[in-house]
Each structure stands twice: as structure tokens, then as C-alpha cells.
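Make a model of this:
(chains A, B, C, D and E)
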Amino acid sequence: MPVTGESIRLSRLFSEGKNAVIVAVDHGLYFGPLPGMLNLSEVIGGVSKADAILMAPGSPAHCEAVFSKRGAPALIVRLNWGSNYAAMWKYKHSHSVPILSAAEAVAQGADLVISSLSLKNPDEAEDAHNVEVFCACVAQAHALGIPMIGEVYPTGGDDFQPEDLQDEIFVGCRIIAELGADLVKTFYTGKRFNEICAATPVPVLALGAKKLPKESDALKLAAVSVEAGARGIVYGRNVIQSKDPSRLLDALNEVVKDFQAPDKIAAKYKLD
Amino acid sequence: MPVTGESIRLSRLFSEGKNAVIVAVDHGLYFGPLPGMLNLSEVIGGVSKADAILMAPGSPAHCEAVFSKRGAPALIVRLNWGSNYAAMWKYKHSHSVPILSAAEAVAQGADLVISSLSLKNPDEAEDAHNVEVFCACVAQAHALGIPMIGEVYPTGGDDFQPEDLQDEIFVGCRIIAELGADLVKTFYTGKRFNEICAATPVPVLALGAKKLPKESDALKLAAVSVEAGARGIVYGRNVIQSKDPSRLLDALNEVVKDFQAPDKIAAKYKLD
Amino acid sequence: MPVTGESIRLSRLFSEGKNAVIVAVDHGLYFGPLPGMLNLSEVIGGVSKADAILMAPGSPAHCEAVFSKRGAPALIVRLNWGSNYAAMWKYKHSHSVPILSAAEAVAQGADLVISSLSLKNPDEAEDAHNVEVFCACVAQAHALGIPMIGEVYPTGGDDFQPEDLQDEIFVGCRIIAELGADLVKTFYTGKRFNEICAATPVPVLALGAKKLPKESDALKLAAVSVEAGARGIVYGRNVIQSKDPSRLLDALNEVVKDFQAPDKIAAKYKLD
Amino acid sequence: MPVTGESIRLSRLFSEGKNAVIVAVDHGLYFGPLPGMLNLSEVIGGVSKADAILMAPGSPAHCEAVFSKRGAPALIVRLNWGSNYAAMWKYKHSHSVPILSAAEAVAQGADLVISSLSLKNPDEAEDAHNVEVFCACVAQAHALGIPMIGEVYPTGGDDFQPEDLQDEIFVGCRIIAELGADLVKTFYTGKRFNEICAATPVPVLALGAKKLPKESDALKLAAVSVEAGARGIVYGRNVIQSKDPSRLLDALNEVVKDFQAPDKIAAKYKLD
Amino acid sequence: MPVTGESIRLSRLFSEGKNAVIVAVDHGLYFGPLPGMLNLSEVIGGVSKADAILMAPGSPAHCEAVFSKRGAPALIVRLNWGSNYAAMWKYKHSHSVPILSAAEAVAQGADLVISSLSLKNPDEAEDAHNVEVFCACVAQAHALGIPMIGEVYPTGGDDFQPEDLQDEIFVGCRIIAELGADLVKTFYTGKRFNEICAATPVPVLALGAKKLPKESDALKLAAVSVEAGARGIVYGRNVIQSKDPSRLLDALNEVVKDFQAPDKIAAKYKLD
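Numbering: from 1, shown residues only, chains lettered A, B, ... in the order given. Below you'll find the model as predicted:
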């Protein structure tokens, strides 16, 4: 059984069997430099307490330091670009294209890779094309023992409250897992999110999406996500745009890994 | 005759020359988690009496146990995704794309593979593209001695009663066989299904499609299929959503392999 | 974790976790047609109670029937030829060459493959070359999820009593496992064979070598092998040249899988 | 500057800029199961305090656990086999062959890879062949951003005291670095070892070779190695055959990383 | 750290750490022969004081001389063609296609390559396609250690004053850098150009666009560009259509590399 890389790398993400706290810093691919993310290497330097950091293909070269010690966060590199993420431009389709091969990601230091799949496009051919792009990424990653995170991001998803996406995401998570994803990243959909986690045969990671008004809200979202069965969270703006990302990560780690009550932890870390 | 793998694997499916009962559990690729299929590994565990189980590329990793003993069901893995299967979304075309290579399927334990072909699309170029995708799958499978099941699924098929599809399927089965399929999976089309079986130079497997109201209906459908010349059936929801899939498989095996009368068998197994 | 094929195929060999009884019928590659093996397809037809049958690349085409039903023995195909096996000609080296790729073996229906490694040749370069040939086979097999049996066959091994080879085999089994073998096939070396099984990190299969005078001897050899920790036996002449191979296999199955006492079993099956 | 993987992975080995303590457990490739290494997974479990563990291609599959948490030791996998290591058999040449590709090593979870180069063989063509094998490994590793350790192991090295090899190693380390090694592993050669470290443009790692009589000797060897400029040590038997490998690693870490006096540390850890 | 080619070539462009003055002469790809550029080799001969010259794939063959001595300007070759550059024809989309591989560019003598990315097209699919084309160029260039200049050229950009493009370019530069560009070439956008330079993790080069009325204007544009943080300028018509390109380059070099005041330098070189 020679392909041990995949299980080794997955186990490092969920170290000691605990849930994972992941920070996403690939927004620049779609939004350019968001507030709080102007200087990429500074930003990354502040989130080293995360279990993993998700970056665009061009970014690791500017942020080596944070990955360069034993026990450093895992590096997740994105392999595709989809027009649906260009929410800023009100895009309504989701044309997905490959932007990096899994081998190139490994050459940059990637421990895991991610690719998204958006279905229910205005044109069926887009769905089929997106499936093909996703599966090509899966094949490359699996050949190198690199776990593949499949991101389920319904086309037009930014126009909806995640709660309204329950059905899409319930279906999408199963589709992406049956296509070969080793993990799924998707929206927290509210009270019925547990059904999604239960029906998805691989670990589900809940994303944070837009910046929440208060940091205690971010803790609460993390808490309900893992209580529903998520194996971790993937936060971007909610961590990066925090006044003190490192402290917030300490708090998130307690909520996500040790199932501590978010209120208690918010008080402990003096988060608003 | 060096490519003996193909005939060995085919003969194992039609063990002792008898017809085959196959369970399909790849619905998640298009429908997400259907009722009765929420927990993939549980579901698969209950259908080990089938001659083969058809799965999506990402699924075998979650269901190793059922395949892991001598005499276990054969594993059939799907190599393509076609938008026509997304019936839930009322898709009207059928853009087919490759999602797994035959070599990757073998690496997952596949004994056979399947790919579909949908013709008569709104745009002729789609037909041609789908033919190309299908034949690439055939070439890969044949190089490895893996039998290729060609699925004939007319575009828009879900909007019709299978009976209305007789002509499409009569033509489609011959096309797919002449393109290189070793077996054909398609709809039972009613009274003239025997003409399809007779004119198709490879074994035909009848699919069950939507859940029938009663389990005895499923037995009857199986009976008329094999009486018409089908070499087996491929049932999904009709087995998986049964109250007792294992018992229904016992019944189906008697009908399909031993040509027992479905009424008698329904009574024997106390099926409604 | 997509490469499930290897564990599925290994589990089928050791079905229900029990030890395996394998029949080797690849002697023709070195000895031509031995007594009792003149008609290849007849011989193979008589050993279908084995868990697996080991054959040369050209043989499966002539023996399809035995592999062509559900629950048939697994097919193991040999990927290399080594001059050391040509004991009939008193060969003293062991030049190993590839004779079939793993993909070609799969095309013939192989469930597992085998390649040997013979070290301590008169010329060190032969050792190195043999290691290279073996590892190329491993890489091919692993890419297709096909378990690789490594055969440890010391150069000049036929001039020795296996007991005299304890040290060579103790070393050789570990070498071949660290090079990537998923199973090891080698000589039973006598009282210290348990040390070999304990120090080899993969399952060890004991070979039968020369025809033993009595069938009860073959049972005893099997018994001491599995008591020492072997996970199965690979018998050739001892089964094939038996008066009743099928009956002997019944007896071997009881000894090897259920640890029945060989004397009792010899009596039960009326073996001399 | 996209190939950041190499510097990230190197920096993880020399975490926080400190020297590295590496444990080699690939002896089985040449010696079979040495005392203290009979059970591979047990042995590996005891050395998790090392910065990295060097293994043969077939071994990671049996020792996943030790690599499966955040901050686990790096996994170094060997890509070549050379007959010169078969010291047990008094081999006098060094025929080197590839046994695993860098991509396969990555698929197993490798963070770094190693390949050796032995020159001054009885036949010049062997030297040239070995250079070719080494450089092919370098090219594969560099394409994937995986640091390549070049092992300088003079042919016949086991017949000499390392001190007698000063000139060979002084030359060999520069050759292997100029051929593309990112790190060099070689013998400590005594008083003039500092000249080797100074003249080698990449970090030098000193190997421990044979088991030293006392554990305090192992500490002293480590101390003089890093004082001479080595960036770390690679110990096999000296750690594995220790009565308490974990305690010895604690002691080695203090000597190698913090330049503590070996006498003081031997006393602190009560090593003989 | 084997891919040093990229940093060596980048450092040569920014020789002694100073900013770069680049001349673009690839207008023919879109405009045909502009005034002042009728004779390609003559034109190029006059701009050898530039740090680099940007050309179309077919051009280096006609201008070898200027690149053919030690210390000659670097050769930058364009890898894509985009319909948005065809401003002469009032094109409104930006369909990007590859026109040369990075390997072919190297074969022509290229030291760097350039490819553009235009987003916010009338059809999202064009955006996605353009991203794919750009990333394929990046992958090729990086595999060869060739720095990749990403040109951010908003679709319809020629209809706007660069100042009106601030937001597009602010976003676009970050996108192209996160996709893997090693340098960015884009419009100077006026007073807030410094924000672009600060938020782009790679060096930004300001382009000159249309011919400015006076040469002192060109100096002033260069001055404000580098003061805002640009690491250089890429001028085409402003240099080529100058009465004395060589003298203007002397002046630009003083402004761009040594931050001399443009007024002073205009006076020194007697530029209008």
C-alpha cells in the first residue's frame, strides 16, 4: 500500500485527530487587495497559529517564512480559477479553468491543494466543463499523494444567504465527494448543516464567507459548524481583518478543536 | 489471445453463464444523497449479494469492505459525467466529460468500467464530442483488459416513458456496441425490447430507472427484461430504497438468473 | 485515499482474514513441461480450490475457464524471468529481466503480480541490475493498485537445503519488503523461519519447492510454515503432481486456514 | 520565484536555523533486519523526536503513525540502491541503480529524498553510470521542489577508518554538490572534517556509521561533527540500538542544536 | 535551490538594484508599422541603452545585432496576443491566445517573457479563458527559470484615461501577481498609483501608453511612476518616436534609476 502520502498529509491537518482551523488568503485572485490584506507577507506572518493557510499560486513565493519551520502551518494551494468568485463584478456564471498543476503546487511547497466546482450554470456545458477541470485536478493530486479539497460554491452563491443554499450544498457536497474530493469546503448553511455533514462521505470544512460584525460572531459560527459535524473551518476575512488575528486564532482553536463554548472563549480572550 | 482479462472479468460478472444482477450507487454524482443512500458505506454493505456494484470515482475509498473478500461483488467504476443525468435540474443537453481514466479505476479496484453516450443533442457537435469521450474511455479500458459498459441514455430521456424511446435505444445500442462497448446498459423499453436485445451484438443490461411503487413491480420489470433477452439488470433506487435490499436481491437473483416467475418469488420472499 | 485497489485485492487473497493457499504453475518458464503439468489447461482446471494461481505471461490465455466465475481463484502473473530458476541447467547466476509489464498483466486478468529478486551473485552488477528490475515492477504495479509479491530466491538456492539459507532469506525478505514488495514468497527455512516472519513487515508466503515424498509431508510443511507466522503457502509440484490435487487442496485449506493438525487432516482425507 | 518548496522544506529540517538530528532506518535495504530493528514500526515509533527519519521505499507504508501529526519528523526516502552498501557481503564495487522516482516518493509522503554517489570504482564506467543515476534523481527532485540529499560513500568505505577517507570525501562532497545535491551526507573524517564542511557549498550532515561502544561516544561524535561545521547528523544504529532511543535523541538534540558539551549532557541524561 | 535562472535574470534587469528602463517595440502585432517604427532593425539599433527591449515573436530574427554583445539589453518576448490591443479597430473584447511557448522564446534568445491578462470582458468565459492562457504561460516560463511579466490591461482600457482605471488596475495587479506573475506591467494611474505599487507583491513597471506631446512629459511621467513605487517603466512610442531615442534614454535612465528631477534632466539633455 504505497500511497501513504495522502493519509500522512491529511492526518497532519487534523493533528491528533482534532478539527482544523484554516486561514484562506487567496482573495486577491478575485478581489485584489482587500483591506487588511494589502501586504501579503505581513498578513501571513500573523496567522501562523492556523493548521493550514490557503493561498493562490503566486503567493507562497512572497511568504516563505511562515511555512519554514517544523510544525509550521500546512500550505494549501489553489489549482483553479472560477469566474463565479468574481463577486465584485457581479458575475453570474462560473467558468472554471486550471491555473496550476498539482506537481507545480508541490514544487511550491504545497501539502494539500484545492479546486472548486460550481454547477447549475446558465449553460449545461459549463457544468460539464467544470466537472472535467475538477477531475483533472483530482487525478494530478492523487498521483502525488496530495489530498484534494473540493470547494462547493454554488453559482450565484454570493447573491444568497447561505441558509437558502441548503439544497444546493447538500447535493453539491455529495457530488464533489463522489468525483474524488478528499475533503469538502463549503458554506455553513444554518440549522440543517448537520444533514450535509452526515451525507458527505469525506470531512466537511465550513467557510466563513463575509466578515461578520463581531469577532464573537465568528466564534459562534465556528462553534455551530463543528457541532453540526464539520471537521474544521476555513476563515479568510474574519481572521485577516481582525484587530488581532493571532489572538482570534487562539480563540478559534479552543472552540474548533476542544469544543469550548464560544461565549466563554470570547470572554477569555476579550473579543467583542 | 493475450487480452484474456476482458473475458475473464466478463465471465465473472455472468458467473456460470447466468444473468447478472447489478446495483448502481452512483446517483450521488447527479442527485446528491438520495433518501436511503445518505450513508454510502452502510448502503453498500447491504447489497453484497449483487454480482456487481456500480460506483462513482470517489466512492470505493469509503466502501472497501464489501469488495474485500473472495467472491465479493465486482466493482464497476464510472468514467464519465454527463449533464443529461442532472435530471433534477431539468437539464436538456448531454455534455459528457471524462472524470477518471481506466488506469485510475483499476488502481481503485475496478473490475469493469462504465461510460455513457447520449446522442441527438440540440447541437450536433455535442453528439460528436460525446462519441469522442466515449471512445477514449473504450480505448483505455481495452488496453487494460477491463470490460467497458456503454450506457445508452437518450438526451432528455427522463422526460419520456421508456416505451417512447424504443427507436432511439434500438439505434443507440447498436451504435455504442459498434463503437466498442462490451456490454450495454439501457432502459427497458417495453414490448419491443427483445428487438433491441436481438440487434445488439453484446449483452444488454436493463436499468431500473425511477423507484417503482411496489417491490413486486421491480421483480416483474426484471422478469420481462431478461425474458426479452437482457443478460441482466442494473437497479439503483429500486434496490437501495427497498425496506430490505438484501432480501430483494435474493428475489431478484431467482428471477434474473433462474427465470423464476416474479409472482411466485414475490410471494416466497413476502414482497409487496 | 483513492488507491483502494491494492487493499481490496490483498483482502480477497486473504479472504475473511484467513491465510492463503496458492498454487504455482509457472514452472514451464524454466523447466518446460514437468510430469503432471503436460496439459496446462487440464492442470489448472484441477486446482480451482486454491485462493490464487501463479502463472507465466503466456499461460492465462490457455486457462481462462478456471478464472471465469465469481469467487474464482485470483490470478497472479509473473513479471520477470531470472536465470537462477533454470536449475535444470545448473545455472549459477541470476540475471533478472522484465518479461511483462504490470499493465499487460492486468490486461490478462491479473489480480496480483510477482517478481523475484536474487542477490549475492558472482558479479555485484547483477545484484544492482536485479534490484532495478524488481523496483521497476513495483512501480508499475503500485500505479495500478496491484499488489506485488516479491520472491526471495537466493542465487544458487537450489544447491542448498533451505535450512542452510536461513541467513540469506532472513536478510533477503527484509530487503525486498523495504524495496516495496507487498508480500514475500520464499523458502521455508526450518526451525528459525518464525524469525523471518517476525522481521518481515509484510505477509510472508512459504513456497513448497521440490516435490515431497508424501502428501502428508506437504501438509506438515504447510502446518509448520503457518505456525511460524507465514500468511500462506505457494505450492507447485506438491499440488500439481498429487494424485488428487483437488482433495489435497481441501486438506491444505484446513491446515493453512484453520490451523488443523496435519496428521488429523491427512487421515481425514486419506492422504499417504 | 515559484519553486519555494525546496527552501520551505529545507528550512523545516533546520527549524529555526538550528542543526538537524536525523535518524536513518534504511539499513534493511542492505543488512536485512539488524538487532534492534526487527519490528520496523516499533522502531520508528521510538524516534519521533528526530527532525527527520530516513527510510527505504517500502517502509513508510508500515510506519505512517509517526509522520501523521503536525510537527512530525520529516520523511526522507531513498531513491537509489548501491551495491557498496552491502558491506555484509564484502562487496567491493558500487553499482548504483534507481529504486523509486521522486514523484513516487512524494506520493508516499516524502519531504526530502536521498541518493548516494560512490566513485573510484574498479571500472571507470561504473563511476560514470553512478553519476548518471544520481543526476537523474536530482532532476526529478528539483522539478518537484524536493530537497535532494547526496550521500558521499566512497567505494570500499567500510574497509577504512573514516579518517583515512579524508581526501576521498573532501573531493566527493564537492563533486556531489556541484552535481546538484542540496545537502550532503557523509562520514565524519576526524580532525580535518572542518575542511570538508568549509569546502562544500551546501550543508553537510555527518553520519554515525557503526554502533559506537558507548552512548557518550555518540554524543561526542555529534559534538565534533557540528563543531567542525556540519549542519547536522544522521545516526542509524547508534540511535536505534540504544537502550533508550528517545532519551538519547533528547541528549543529541542538546548537543547538535544548542552546542552543549557532550560530557555535561551525558551526565544530565545518565548515558554511559 | 536549483531554479536560480529566474532570480539571475531578474537581477540583471534591475542591475545593481536600480530601476529598469524598458523599451517596447511590439506594436506591430496590433497596429502594423507605426510612424517611426517602419524599419524594425534600425529602430532597435537606436535603443540599446535600454535595460530591456520587448518584442513580438517574429522580431528578434531581424534585430540580432543589438542583443549580441556582453551587457546588451535583455530580450523580452511576448507570448500572447489579445484582441483588446487592436485599439485601431475599436475592438471591445479581449480574447487572449498563446502565440509562442516560453521554450520557443528561449530559443529566440529571450531573457524574460510577457503575457497579458484582461478581465471584465463582456462574457465571463473570456475572463476565464484569459486566466487559463496566462497561467499556461507562467507554468512554461517558470519551468525554464524565465521571469514572467504579467501585463494588466483592462478590457476597453484605451477608451479611458488611466486615472479612471485606478480601481481596475488596483485589483488586476494583485490578481495577476497571485496567478504567478514575477513582474507587472500596467498603466500609470495618477495620484493613487502608489497604492497599486504597495499592494502588489511583485515589482510594478509603468507603461507609457500613447505618445505624449513633449519629451519632458515623458520624463515627468517616468518620475512620478518611480516615485510612486514603480520599479521601472516600459515605454514604446514615447521613446521610439522621439527625435533622438538614444538621448531620451540617457535622460530616462537618470530619472528612473537615480531619481533625478525631470526638469533638471530635460534641461541637461535639451529636451523640449
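
where do the helices sit along the stretch 101-250 of chain A?
A:102-108, A:124-143, A:166-178, A:193-199, A:215-227, A:237-240, A:245-258 (DSSP state H, counting those that start in this stretch).

Nearest to chain D, out of those helices?
With Cβ to the nearest Cβ as the criterion, chain D lies closest to helix A:102-108 of the helices of the stretch 101-250 of chain A, at 3.6 Å. Any C-beta I mention is one placed from the backbone N, CA and C, and that applies to glycine too.

Can you name the residues in contact with that closest one?
If you take Cβ atoms under 8 Å, 6 or more residues apart in numbering or on different chains as the criterion, helix A:102-108 is touched by A:57, A:60-61, A:75, A:77, A:79, A:110, A:113, A:137, A:140-141, A:143-144, A:146, D:2-6, D:103, D:106, D:143-146, E:139, E:142.

Mean neighbour count, mean pLDDT and distance to C:Ile196 for the helices of the stretch 101-250 of chain A - can I get that in CSV?
Shown next, in CSV, are the helices of the stretch 101-250 of chain A (neighbours: other Cβ atoms under 10 Å in any protein chain shown; pLDDT from 0 to 100; distance: least, Cβ to Cβ, whole Å):
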stretch, mean neighbour count, mean pLDDT, distance to C:Ile196
helix A:102-108, 26, 97, 38
helix A:124-143, 24, 96, 34
helix A:166-178, 25, 96, 43
helix A:193-199, 20, 97, 47
helix A:215-227, 21, 97, 48
helix A:237-240, 24, 95, 55
helix A:245-258, 21, 98, 44
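
Select, out of those helices, the one closest to E:Val131.
helix A:124-143 (11.8 Å; Cβ to Cβ).

CA atoms of the closest one as CSV?
Output of helix A:124-143 as CSV, limited to C-alpha atoms (Å, rounded to 0.1, in the frame of the first residue of the first chain):
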residue,chain,number,x,y,z
GLU,A,124,-25.1,23.0,-19.0
ALA,A,125,-21.8,22.8,-20.9
GLU,A,126,-20.2,25.0,-18.3
ASP,A,127,-21.2,22.4,-15.6
ALA,A,128,-19.7,19.6,-17.7
HIS,A,129,-16.5,21.6,-18.3
ASN,A,130,-16.2,22.5,-14.6
VAL,A,131,-16.5,18.8,-13.7
GLU,A,132,-13.8,17.9,-16.2
VAL,A,133,-11.5,20.6,-14.8
PHE,A,134,-12.1,19.5,-11.2
CYS,A,135,-11.5,15.8,-12.0
ALA,A,136,-8.2,16.6,-13.8
CYS,A,137,-7.0,18.3,-10.6
VAL,A,138,-8.1,15.3,-8.6
ALA,A,139,-6.1,12.9,-10.8
GLN,A,140,-3.0,15.0,-10.6
ALA,A,141,-3.2,15.4,-6.8
HIS,A,142,-3.9,11.7,-6.2
ALA,A,143,-0.9,10.6,-8.3
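
mind checking how far that helix is from the chain centre?
Taking the mean of its C-alpha atoms, helix A:124-143 sits 18 Å from the chain's own mean (Cα atoms, centre = their mean, to the nearest Å).

Just confirm yes or no for that helix near chain D.
Yes. Residues of helix A:124-143 contacting chain D under Cβ under 8 Å from any Cβ of the partner chain: A:Ala143.

same for that helix, what does it pack against?
strand A:80-82, strand A:96-98, helix A:102-108, strand A:112-117, strand A:148-152, strand B:80-82, strand B:96-98 (3 or more Cβ pairs under 8 Å, 6 or more residues apart in numbering or on different chains; DSSP states H and E).

now do 6 Å
Counting contacts by 3 or more Cβ pairs under 6 Å, 6 or more residues apart in numbering or on different chains; DSSP states H and E, helix A:124-143 is packed against strand A:96-98, strand A:112-117, strand B:96-98.

contacting residues around it?
The contact list for helix A:124-143 (Cβ atoms under 6 Å, 6 or more residues apart in numbering or on different chains) reads A:79-80, A:96, A:98, A:101-102, A:113, A:115, A:117-119, A:121, A:148, A:179-180, B:81, B:83, B:91, B:93, B:95, B:97, B:99, C:2.

just stretch A:64-75 next, same as before
A:13, A:44-45, A:48, A:50, A:52-53, A:109-111, D:4, D:8, D:11-12, D:15-16, D:70-71.

First-to-last residue distance for that stretch?
By Cα to Cα, to the nearest Å, the extent of stretch A:64-75 from end to end equals 10 Å.

do you know which of the helices and strands packed on helix A:124-143 lies nearest chain E?
It's strand A:96-98; of the helices and strands packed on helix A:124-143, that one is closest to chain E (Cβ to the nearest Cβ) at 3.7 Å.

how about that closest one, does it reach chain E?
Yes. Applying Cβ under 6 Å from any Cβ of the partner chain, one finds strand A:96-98 touching chain E at A:Val97.

Would you mark the buried spots in that strand?
Residues of strand A:96-98 classed as buried: A:96-98 (neighbour count, 16 or more other Cβ atoms under 10 Å in any protein chain shown).

Output the residues you listed in JSON lines, with distance to D:Gln241 and pLDDT appended to each entry.
Shown next, in JSON lines, are the buried residues of strand A:96-98 (distance: Cβ to Cβ, whole Å; pLDDT from 0 to 100):
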{"residue": "A:Ser96", "distance to D:Gln241": "54", "pLDDT": "95"}
{"residue": "A:Val97", "distance to D:Gln241": "55", "pLDDT": "96"}
{"residue": "A:Pro98", "distance to D:Gln241": "50", "pLDDT": "97"}
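
Would you mind giving those as CSV with distance to E:Tyr188 added?
CSV is the format used below for these (distance: Cβ to Cβ, whole Å):
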residue, distance to E:Tyr188
A:Ser96, 34
A:Val97, 30
A:Pro98, 33
